[in-house]
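make a model of this:
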Amino acid sequence: MSTNPAKFEHTSLANARFVDVNLTSATFSDVNLGSASFANTALAGATFKDTNFRDASIEDSNLAGMTINGILVSDLLDWFGKRK
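Numbers count the residues shown, from 1 in each chain. Sure, this is the predicted structure:
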């Protein structure tokens, strides 16, 4: 395995497919993932900062321990469920 990490800078990977790829500890900065699809993807411990989630959808996913601005998503869902 290479000891030098791959670098993709000022590059278009539009319509690329990543299957069985390890991106542990990868850094994404100024990246456009618009209309991207993620399935069977591990994001445990990932951090999203200054990220545009407009019209994003999370479906059939494990949200245990996930926070938004320091608030547990499970608490938010419980709170909204009680308001109905």
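
next one: Met1, what pLDDT does it get?
Here the pLDDT value assigned to Met1 is 55.

an error on my part: the question was meant for Lys84.
The per-residue pLDDT of Lys84 was computed as 74.

sec struct for the most centrally placed residue in the chain, please.
The geometric centre of the chain, computed from its C-alpha atoms, lies nearest to Leu43 (Cα atoms, centre = their mean), at 6.0 Å. Put simply, Leu43 is coil when judged by DSSP: H, G, I helix; E, B strand; the rest coil.

what pLDDT does it get?
Reading off the model, Leu43 has pLDDT 95.

repeat for Pro5
86.

can you get me a residue count around it?
8 (other Cβ atoms under 10 Å). For the C-beta atoms, the positions are set from N, CA and C on the backbone; glycine is no exception.

and it, how far from Asn52?
26 Å (Cβ to Cβ, to the nearest Å).

contacts for the least confident helix or strand in the chain by mean pLDDT, please.
The helix or strand of the chain with the lowest confidence, counting by mean pLDDT, DSSP states H and E, is helix 73-83 at a mean of 90. Helix 73-83 is contacted from outside by 63-64, 66-68, using Cβ atoms under 8 Å, 6 or more residues apart in numbering.

pipe the residues you listed into TSV and attach neighbour count and secondary structure per row.
Output for the contacts of helix 73-83, formatted as TSV (neighbours: other Cβ atoms under 10 Å; DSSP: H, G, I helix; E, B strand; the rest coil):
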residue	neighbour count	secondary structure
Leu63	12	coil
Ala64	9	coil
Met66	16	coil
Thr67	12	strand
Ile68	10	strand
